[in-house]
Each structure stands twice: as structure tokens, then as C-alpha cells.
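> Quick one, structure for this:
(2 chains, ligands or ions: 1)
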Amino acid sequence: MTTLEAFARAKAEGRAALIPYLTAGFPSREGFLQAVKEVLPYADLLEIGLPYSDPLGDGPVIQRASEEALRKGMSVQGVLELFREVRALTEKPLFLMTYLNPVLAWGPERFFSLFKQAGATGLILPDLPPDEDPSLVRLAQEIGLETVFLLAPTSTDRRVETVVGYATGFIYAVSVTGVTGERERLPDEVRDLVRRIKARTSLPVAVGFGVSGRETAAQAAVADGVVVGSALVRALEGGRPLAPLLEEIRQGLMQKEPA
Amino acid sequence: MLRLPDFPLPDPRGRFGPYGGRYVPETLIPALEEVEAAYREAKKDPAFLAELEYYLKTFAGRPTPLYHARRLSEYWGGAQVYLKREDLLHTGAHKINNTLGQALLARRMGKKRVIAETGAGQHGVSVATVAALFGLECVVYMGEEDVRRQALNVFRMKLLGAEVRPVAAGSRTLKDATNEAIRDWLTHVRTTFYILGSVVGPHPYPMMVREFQSVIGEEVKGQSLELFGRYPDALIAAVGGGSNAIGLFAPFAYLPEKERPRLIGVEAAGEGLSTGRHAASIGAGKRGVLHGSYMYLLYDHDGQITPAHSVSAGLDYPGVGPEHSYYADQGIAEYAGVTDEEALEGFKLLARLEGIIPALESAHAIAHAAKVVPEMDKDQIVVINLSGRGDKDVTEVMRLLGGEL
Ligand SMILES: Cc1ncc(COP(=O)(O)O)c(C=O)c1O
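Coordinates of the predicted model:
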């Protein structure tokens, strides 16, 4: 299933696409695979984080999960194996989320090729603004990975224009100025950001950061998709089942707030 | 009148060759563009320069002397050794050259809140000081491990009215404090100015910090012409992130090779490069990205950052500024390593022979000079950057030496 098909299917059902995020290797290798099985029935696409030592775009919940996964021995090799196992469970698009340095350490060509072979659909690198290294972006695309970039409420129209020019797959609209983590409400400017992006691209737009329940999901559903990360990771941390939270968020996605 | 010099690099995209750049979350890109524009404008504004000069002179204590260390020169029996006395500045180190500049820029941009990262607390104290001076709200991030080791500086910052926030993540040291400062900036970017403490981080920081620090090298140029009628033969400085070294080197680095002094940066080799417990990013690192910049960096086969180690908390950083990375590749400067043990010897030597207790960071430069200077001729001139004084380190050195001398 392609990324566009996944978004289109959700739209046909009258809702925004649901994109759960999980940190690979958290709460453990087996615990992660179990969590994948719990989220897949609700997911239209899936985002999997390769844990990194210095995740400067992440709030405390994902920081803790990354540290714990690394402490338990998760590695690039380990994440590649998990991608293969998840790919065997589903046809849905799988996105790798990580920071730039692991890519550089393995060598971009080798890193991208291995993840492509392991079943990744695309790639999200929050510390790579695409115009910093256009040749790296091209390389990933030539290898067959979609390249998703972030835009934020602080992004000027000129930045939006530049960034969408490099994007394939979808655009990741960050709902807040800040790091990942749950919020009680999203700022109203998210609506404006989504509008400004949609005026400049035909790619689907997903809103992420801060979605924690029904209300925030409804707010984020002004976009084509909604990413839910910290709320899921926190539930895993507390040993709670994920289905009730996903159920609640799914309901939020069907009752998007009136414009 | 003070001048903030122009240099051939970085290029308009903030690159020194391949190094530098702006590898940060998109949220910060517009803020970095704003800081860069404001800085470029301020740099040309006589009123800004006059104010910076005023505070550098009357508040920080510039210019600093270029002092002939006669007994040390005699002891080594080689070149004549001169010390650039940044240790005499207010707050005890070169850091104030930069924090005054950035705080004035923050004020000019209408930001009322400043944040900073700190390792040993020297940069933190310096930021807390200028925040008090200009009436700015100030938050300093410091790793939990460093908060414990540097209790005195934590108290100093609090006395100066700053809030110190301990960071419990990762290795609980400088790199984690920097992550947290960047996260704060991501969250409060519209109201807050981030005062970065070294020539690292995303463009324009490596450029801007270099230019505020280049007052060191510019003064050395003038003082050398006055004292010797020529430039020195060699310049030596300790390298953590690299700001005191760049401040000394940059005004000489782009001279034609024949006119350029030998530039020697000294990294912390900690317990030795082979032990893995060191902070020698150029000596033993690889190219990578941390805190927004492509540079030499310490990391493992998966790209996970490895914690740095040095007896000197100010050198305890796993990366090194992009301009140093460029100098190293181009052979513009050479980089050497000095172990904890050698640095402690340098620390004691300067105290005994010259009556100056250096910062442990600067003691690395002294310790390396001990290897270089004896090989040189008596009519040659070496300038060592004495980036800070050792008051902050006396308790730690006492502990390390078991109270024995
Ligand atoms: C006295 C002194 N020298 C040197 C350093 C190292 O920093 P840099 O390499 O940026 O000069 C520090 C950092 O805290 C310092 O306090």
C-alpha cells in the first residue's frame, strides 16, 4: 500500500489518517513488537523511532524511552531486524524516524539501502532541514525512500515553499513550538499552518506533537493525518493497554473541529 | 574604536568547507535567520560597537595584558613565552567577551529572557553576570553531575539572580545541558535569546562567537607589533568547543602561509586516547552532526554520541567547532592532546614559576607548550592563551592531589 493510498483510504472513511509512533526496542524488543500488534488495527501508517543518544527534538517521554531502548541494547542492526519483522505483519507504509548522526555513521547510501530492503517506506529526520543537504535527500529518494520533512508554526511562507519542494510522501506539520510530548490543547495556529502548507503542495499533511486524546485529535484532524507518539509511549511506560487510547483518538479523528 | 572583523569564512550558508551548517529542527530555522540578520546589522552599527567596547573596557577589563613569562621562558630554555591574560577579566575567563556581545544583541532584538548551557559553570556565571547587568531574565541548564561537582558556581549563578535547572538526561553533563537549552529555545523561541558559550552549534553561532572572541587575537596583533615589531612565531590555546582558541587564531589564520604563526590547539586527552576516556574530537573523532553543526565528533559505530572525559570540565565536550575542524583538515592549525596528568603538572608549574594559578583548561595549553617551546630558538616568540584563572579548580585539584604537594 502506498502512502497516498493509505491517506486516501482514511479520507474515504470520513476521517484523518492515524499514524502511531513507537520507539523501537521500547519497552523491550518483545514489548515493542507486542505494541506494534496492538496499534496496527488502528494505524493507517506507522512511524518507528530508531533510538538516539541526543534526541534534541524530543520531550521527556520519548527521551526516556530512547535511553531505555539503548540501555537494553537496541542498535541500528536491531532496528533493521524489527523493520523486517513488522513488514512481515503488514502492508501499511512504515516510516523510520531518527536523527542524522546514525545515518552519517553508517554511511547514507548503506543506511538508506538497508532500511529500504528491510521494508521502510520513508524517512523522517527532524534535525535535517532539507536545504542543508539536498544531495542527501536526493540519494534517499533515488534509493526509493520517501522523504518527510517537518514544518512548524514559526515557519515563514518562504520556508514552507522551500521545504515542500523537497518532500515526498507527506508533510509533517508540527502543532506547537516545542518538543514532542502530550498537550491538553493544541494552539489555534495549527489550523493556519495546515492551511499555509496545503496552499503550497498537493501532498497529504499530517499534524504531530501534542496529540494526547480525543480533543487534541479532533483539533489535529483539520489535517489529512494525525501522529500520536508520546501518549502511546507513556501508556507503554505505565504498562497500560494501548487500545482504549487509540479508540478515543480514533473517535476524535471522526469529529474534526469545525473550521 | 572596536571593530568586529570580517573573515573569508564561513560562506553564506554558514559553512567552513564542509563543516558547520544548520542541522536543527525546522522550528528554529526562522529564529536562526533572525539572529543572523540582527547580528550582521549590529556589527555595522557604530552605536552597537561603541556600547560593546564600553562594557568590554569598563566592565570586563579589556584590553588584557600580553605578559612576558620570564621565569617560565628561562625554565624551558627555548622561545620567549608570553601569556595573553584573559584570566584577568571579570568573571575569570574569556567567556565574558562573548556573553557581553550576545546579551547586547539580545537586548537589541527586544528579547527579555536569555538561556544558556554550562559545563563547569564558567559560561553560566558569565551569562548570569551579563543578565544581571542588563536586567534580563536568565535560565542556565547544567547537567546534574556538573551541578554536584561545581556547587560553588551554582551558588554564584543564583547570587546573580539566575535560575539553574539541573538536567537529569543522558550523561548529565555539558552535552545534555546543551540539548536541554536547545529544547527550551524550541519551546520559547519567540521570546528568548539563546546565549551559546562556544564556537559550536548552528550557524550563525560559530561565526558570531568567533567574532566576539577575536578581540583576543586582534589585541595580540597590536601588542606584538608594539613589543616585538612583528607577529609571534607560535600561538597555543586549549580547545574545548574552541572559542578561546578561535579568538586567538582567527585574526592570524587567514594570513598568507608565510606570514602565519604556527597555530596549535590543545585538546583534552583525558586518561589517554587509547582508554576512550578523553575529549579529543579532532585527535580521535570522526565527522558527524551534533547540536546543529557538522564537525569532528566522538561517537560509536551506530552514531550514538560517546560521553567526553577530561579533568577540566570546560573541555568536557564531545565535539569541536566547525572552524577548527576546517583548520585541521587544511593544515592551517595543528591539534595536539594533553592528558589529565600532564595538565595538572602545567597547573602546578605556572603557579610556582609565575605566581599565576591557571584554569585547568588553560593548564592544557601550558602543558603542551612544555613540549614545544624547548625545541624553539631563544629569539622566537610564543603566545599562550591563558583563557581563565584557576580559582574555580582549586578544590578539585586539591582533591586530586590528595591535599599533598
Ligand atoms: C577558562 C576556560 N578556558 C577554556 C574553556 C573551553 O572552552 P573553549 O574551547 O570554547 O574556549 C573554558 C570553558 O568553560 C574555560 O572556562
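> Where do the helices of chain A begin and end?
The residue ranges that make up the helices of chain A, judged by DSSP state H, are A:3-12, A:29-39, A:60-71, A:76-89, A:100-106, A:108-117, A:134-143, A:157-164, A:189-198, A:214-220, A:230-237, A:243-254.
> Between those, which one is closest to residue B:89.
helix A:100-106 (35.3 Å; Cβ to Cβ). The C-beta positions use only the backbone N, C-alpha and C, and glycine is treated the same way.
> Write out the residues of the stretch 201-350 of chain B neighbouring chain A.
The interface of the stretch 201-350 of chain B toward chain A, taken as Cβ under 8 Å from any Cβ of the partner chain, is made up of B:286-292, B:297, B:299-305.
> Can you flag which of those residues belong to strands?
Secondary-structure check on those using DSSP state E: residues within strands are B:286-290, B:292, B:297.
> I'd like the distance between residue B:108 and residue B:39.
According to Cβ to Cβ, to the nearest Å, residue B:108 stands 9 Å off from residue B:39.
> Would you check that residue B:374 makes contact with residue B:76?
Yes - with contact defined as Cβ atoms under 8 Å, residue B:374 reaches residue B:76; the gap is 4.8 Å.
> who's more crowded, those two?
Relative neighbour count places residue B:76 above the other of residue B:374 and residue B:76, with 22 against 12, counting by other Cβ atoms under 10 Å in any protein chain shown.
> confidence score at that one?
At residue B:76 the predicted local confidence, pLDDT, stands at 98.
> Tell me who's in contact with residue 122.
Using chain A. Residues in contact with residue A:122 (Cβ atoms under 8 Å, 6 or more residues apart in numbering or on different chains) are A:3, A:93, A:95-96, A:145-148, A:168-169.
> look at chain B instead
Residue B:122 makes contacts with B:91-93, B:95, B:153, B:314, B:359, B:388, B:392, as judged by Cβ under 8 Å, 6+ apart.
> Turn the residues you listed into JSON lines, including secondary structure and distance to residue B:325.
As requested, these are arranged in JSON lines below (DSSP: H, G, I helix; E, B strand; the rest coil; distance: Cβ to Cβ, whole Å):
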{"residue": "B:91", "secondary structure": "helix", "distance to residue B:325": "28"}
{"residue": "B:92", "secondary structure": "helix", "distance to residue B:325": "28"}
{"residue": "B:93", "secondary structure": "strand", "distance to residue B:325": "23"}
{"residue": "B:95", "secondary structure": "helix", "distance to residue B:325": "21"}
{"residue": "B:153", "secondary structure": "helix", "distance to residue B:325": "29"}
{"residue": "B:314", "secondary structure": "helix", "distance to residue B:325": "19"}
{"residue": "B:359", "secondary structure": "coil", "distance to residue B:325": "24"}
{"residue": "B:388", "secondary structure": "strand", "distance to residue B:325": "23"}
{"residue": "B:392", "secondary structure": "helix", "distance to residue B:325": "28"}
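> By neighbours, which of these wins?
For the contacts of residue B:122, counting by other Cβ under 10 Å, the largest number of neighbours falls to residue B:314: 32 neighbours.
> how deep is the residue lying closest to residue B:108 once chain neighbours are set aside tucked in, by neighbour count?
Spatial nearest neighbour of residue B:108, chain neighbours left out: residue B:42 (5.9 Å); criterion: Cβ to Cβ, 6 or more residues apart in numbering or on different chains. Around residue B:42 there are 20 other residues, counting by other Cβ under 10 Å.
> Over to residue B:272?
Here the count is done by other Cβ under 10 Å, and residue B:272 has 14 residues near it.
> roughly how far apart are the closest residue to it other than its chain neighbours and residue B:242?
On the basis of Cβ to Cβ, 6+ apart, the spatially nearest residue to residue B:272 that is not a chain neighbour turns out to be residue B:339, at 5.8 Å. Taking Cβ to Cβ as the measure, residue B:339 and residue B:242 are separated by 19 Å.
> Comparing these two, which residue is more hemmed in?
Neighbours per residue, other Cβ under 10 Å: of residue B:339 and residue B:242, the larger number sits with residue B:242, 33 against 20.
> List phi and psi for that one.
phi 120, psi 20 (degrees, to the nearest 10).
> residue contacts, it?
Residue B:242 makes contact with B:198-200, B:265, B:320-321, B:323-324, according to Cβ under 8 Å, 6+ apart.
> Distance to the ligand and secondary structure for those residues - can I get that in TSV?
Output for the contacts of residue B:242, formatted as TSV (distance: Cβ to the nearest ligand atom, whole Å; DSSP: H, G, I helix; E, B strand; the rest coil):
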residue	distance to the ligand	secondary structure
B:198	3	coil
B:199	6	coil
B:200	8	coil
B:265	9	strand
B:320	8	coil
B:321	8	coil
B:323	11	helix
B:324	9	helix
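> Let's have those residues in TSV, adding neighbour count, distance to residue B:248 and pLDDT.
What follows is those, written out as TSV (neighbours: other Cβ atoms under 10 Å in any protein chain shown; distance: Cβ to Cβ, whole Å; pLDDT from 0 to 100):
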residue	neighbour count	distance to residue B:248	pLDDT
B:198	30	14	98
B:199	33	12	98
B:200	27	17	98
B:265	29	10	99
B:320	32	15	98
B:321	32	13	98
B:323	30	12	99
B:324	32	12	99
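> For chain A, state which of those is nearest.
Closest approach between those and chain A, by Cβ to the nearest Cβ: residue B:200, at 13.2 Å.
> could you measure that closest one against residue B:178, distance?
Distance, residue B:200 to residue B:178, by Cβ to Cβ: 8 Å.
> what residues do the two have in common as contacts?
By the contact definition Cβ under 8 Å, 6+ apart, residue B:200 and residue B:178 are jointly contacted by residue B:291.
> Run through the stretch 301-405 of chain B and note the low-pLDDT ranges.
Applying pLDDT under 70 to the stretch 301-405 of chain B flags no residue at all.
> For it, just list every one of the strands.
Under the criterion DSSP state E, counting those that start in this stretch, the stretch 301-405 of chain B carries strands at the ranges B:334-339, B:381-386.
> what's the last one packed up against?
Where contact means 3 or more Cβ pairs under 8 Å, 6 or more residues apart in numbering or on different chains; DSSP states H and E, strand B:381-386 is packed against strand B:80-85, helix B:215-228, strand B:234-238, helix B:243-253, helix B:360-372.
> How about residue 212: what's its closest non-neighbour residue?
The chain I'm using is chain A. Beyond its immediate neighbours in the sequence, the residue positioned closest to residue A:212 (Cβ to Cβ, 6+ apart) is residue A:182, lying 3.5 Å away.
> Not quite, go with chain B.
Take residue B:212 and drop its neighbours on the chain: the residue closest to it by Cβ to Cβ, 6+ apart is residue B:101, 3.7 Å away.
> Could you do residue B:137 as well?
Nearest to residue B:137 is residue B:113, by Cβ to Cβ, 6+ apart, at 4.4 Å.
> Please apply the same query to residue B:273.
Using Cβ to Cβ, 6+ apart and skipping residues adjacent in sequence, the residue nearest residue B:273 is residue B:284, 4.9 Å away.
> Kindly report the same for residue A:100.
Counting by Cβ to Cβ, 6+ apart, residue B:289 is the residue found nearest to residue A:100 once chain neighbours are left out, at 4.8 Å.
> was I right about residue B:249 contacting residue B:234?
No - using Cβ under 8 Å, residue B:249 is not in contact with residue B:234; the gap is 11.1 Å.
> Any idea how far stretch B:345-359 is from the middle of the chain?
How far stretch B:345-359 lies from its chain's middle: 20 Å, per Cα atoms, centre = their mean, to the nearest Å.
> Also stretch B:174-188?
Mean-position distance between stretch B:174-188 and its chain equals 19 Å (Cα atoms, centre = their mean).
> One more: stretch B:37-56?
Relative to its parent chain, stretch B:37-56 has a centroid offset of 21 Å by Cα atoms, centre = their mean.
> what about the residue nearest to residue A:100, how many neighbours?
Neighbours of residue B:289 (other Cβ under 10 Å): 26.
> got the contact list for it?
Applying Cβ under 8 Å, 6+ apart to residue B:289 gives the contacts A:99-101, A:104, A:127, B:23, B:295, B:297.
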